[in-house]
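Novice: Let me see the structure of the following:
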Amino acid sequence: MLSVFLVPEITTADTLMVDGSEAHHAIKVMRLNVGEEIVVTDGAGHWAQGLVSSVHKKSFEISLSRRGFEEPHAPELIVIQALTKSDRMRETIELLTVAGVDRIIPWKAERSIAQEKENLIEKWKAVAEAACKQSRRLRFPIIESALTTNQIVERFGGKLIVLHEAAASKLSDLKFVQTDPVVIVVGPEGGITESELSQLSGEQVRLGQEVLRSAHAGFAALSAVQVLIKRW
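Specialist: Residues are numbered from 1 along each chain as shown. Next up is the predicted model:
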């Protein structure tokens, strides 16, 4: 597959100049050469494809031959992820992104050790962008500010799939409607409290007999959902 680069905007012009950090990575790290075919995207579904026509010290130009727009997926895949330690959260966002998540909502769970800090969302977005380019995604996931349990309930009501190791039902027991968002709740390493479980109405399901780490559970659940909705 062709390499993907992020640009601020894709216009109707026949050529496109890429500069900044994307150009630096392409030229210095990937050793991009004239004649290579690549894809550029604005991260919101717009994309264009073409040949590199010139490479300069801090920029390169593409002669565009194709362009298009990738519509948002249906159903929308949303993961509400309890805040974890910074290195674990980074890993989580990377895994959720390559698994096809559309929206990530950090959760201030009672047993979350980490807290949302200044500029953390921007750092997480950078992780997601890198994962998108690696996995050839044209539409990047939305990463929101962290919510409390009350805010999650107010926003989603009973439309939640809560992963819990003691649940009687399995994820594969669920039926999905293509028009309804799939909202998966992943708790912290210490688990979801009884108080939180009573608030988070919806479907409580388990992934299997094995208990996954908080950083990996969302990835596993998304992968299963992608198969169940026949997207994979």
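Novice: contacts, neighbours, all on C-alpha from now
Specialist: Fine.
Novice: How about the contacts made by the residue most central in space within the chain?
Specialist: What sits nearest the mean C-alpha location of the chain, by CA atoms, centre = their mean, is residue 97, with 3.1 Å. By CA atoms under 8 Å, 6 or more residues apart in numbering, residue 97 lies in contact with 128, 131, 132, 140, 141.
Novice: Quick check: the second one touching residue 92?
Specialist: No - contact between residue 131 and residue 92 fails when scored by CA atoms under 8 Å: they sit 11.1 Å apart.
Novice: Could you check which of those two has the larger neighbour count?
Specialist: Shown here are residue 131 and residue 92; by other CA atoms under 10 Å, residue 92 has more neighbours (23 against 19).
Novice: does the more buried one sit in a helix, a strand or a coil?
Specialist: Judged by DSSP: H, G, I helix; E, B strand; the rest coil, the three-state class of residue 92 is helix.
Novice: quick one on the thing from earlier: which of the contacts of residue 97 sit farthest apart?
Specialist: 131 and 141 (10.2 Å; CA to CA).
Novice: So residue 226 sits against residue 219, correct?
Specialist: No - applying CA under 8 Å, one finds residue 226 not in contact with residue 219, separated by 10.5 Å.
Novice: More neighbours: which of these two?
Specialist: residue 219 (22 against 15).
Novice: OK, contacts around the closest residue to that one other than its chain neighbours?
Specialist: Take residue 219 and drop its neighbours on the chain: the residue closest to it by CA to CA, 6 or more residues apart in numbering is residue 96, 5.2 Å away. Residue 96 makes contacts with 218, 219, 222, as judged by CA under 8 Å, 6+ apart.
Novice: For the first one, the count of nearby residues, please.
Specialist: Residue 218 sits with 27 neighbouring residues when counted by other CA under 10 Å.
Novice: Over to the last one?
Specialist: By other CA under 10 Å, 23 other residues sit near residue 222.
Novice: Same question for the one 3 residues further on.
Specialist: Taking other CA under 10 Å as the neighbour definition, residue 225 ends up with a count of 21.
Novice: so which helix or strand takes in it?
Specialist: Taking DSSP states H and E as the criterion, residue 225 maps to helix 214-228.
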